[in-house]
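*Asks:* quick check, what structure comes out for this input:
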Amino acid sequence: DPSDSWAKVYYGFILAEQFDDFQKAKKLWNEVVKQDPSNPAPHLFLGEAKIKEGNLKEGLLEITQAILLRSISN
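*Replies:* Down below sits the predicted model:
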């Protein structure tokens, strides 16, 4: 289901981890951020991807956003 944000998150994870296709994965995760802004998962995965690409600052900002969103939802 293209509108299912969790399906996009997991599909992006599979693309990144199994197929090393970080560009498609990041595109999906960015779509989820726009579609479901309170979902911490795409921020976490975007952060990991950015760190793997060598962009530590942006990666840590994404991970921080994921932690913040997660703490708010509990």
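*Asks:* ok, now which ones touch the residue nearest the centre of the chain?
*Replies:* Central residue of the chain (C-alpha atoms, centre = their mean): residue 42, 2.3 Å from the mean position. Residue 42 sits next to 5, 8-9, 12, 28-30, 32-33, 36 when contact means C-beta atoms under 8 Å, 6 or more residues apart in numbering. Every residue, glycine included, has its C-beta placed from N, CA and C.
*Asks:* among those residues, which pair sits farthest apart?
*Replies:* Largest separation among these by C-beta to C-beta: 12 and 36, giving 13.1 Å.
*Asks:* neighbour count for these two, which is higher?
*Replies:* residue 12 (26 against 16; other C-beta atoms under 10 Å).
*Asks:* can you show me the helices along this structure?
*Replies:* 5-19, 22-35, 40-52, 56-73 (DSSP state H).
*Asks:* turn those helices into CSV, including mean pLDDT.
*Replies:* Converted to CSV, the helices of the chain look like this (pLDDT from 0 to 100):
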stretch, mean pLDDT
helix 5-19, 96
helix 22-35, 96
helix 40-52, 96
helix 56-73, 95
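*Asks:* winner for burial among the ones you listed?
*Replies:* helix 40-52 (a mean of 21; mean count of other C-beta atoms under 10 Å).
*Asks:* gap between that one and the chain center?
*Replies:* Counting by C-alpha atoms, centre = their mean, to the nearest Å, helix 40-52 is centred 5 Å from the centre of its parent chain.
*Asks:* quick check: angle from that helix to helix 56-73?
*Replies:* 160 degrees (axes from the mean of the first three to the mean of the last three C-alpha atoms, to 10 degrees).
*Asks:* keeping just the C-alphas, turn helix 40-52 into PDB.
*Replies:* Taking C-alpha atoms only, helix 40-52 is exported to PDB below (Å, rounded to 0.1, in the frame of the first residue of the first chain):
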ATOM      1  CA  PRO A  40      10.500   8.700  14.500                       C
ATOM      2  CA  ALA A  41      11.600   5.700  12.400                       C
ATOM      3  CA  PRO A  42      12.400   7.500   9.100                       C
ATOM      4  CA  HIS A  43      14.500  10.000  11.000                       C
ATOM      5  CA  LEU A  44      16.500   7.200  12.600                       C
ATOM      6  CA  PHE A  45      17.200   5.500   9.300                       C
ATOM      7  CA  LEU A  46      18.000   8.800   7.500                       C
ATOM      8  CA  GLY A  47      20.400   9.600  10.300                       C
ATOM      9  CA  GLU A  48      22.200   6.200   9.900                       C
ATOM     10  CA  ALA A  49      22.400   6.700   6.200                       C
ATOM     11  CA  LYS A  50      23.800  10.200   6.400                       C
ATOM     12  CA  ILE A  51      26.400   9.000   8.900                       C
ATOM     13  CA  LYS A  52      27.400   6.100   6.600                       C
END
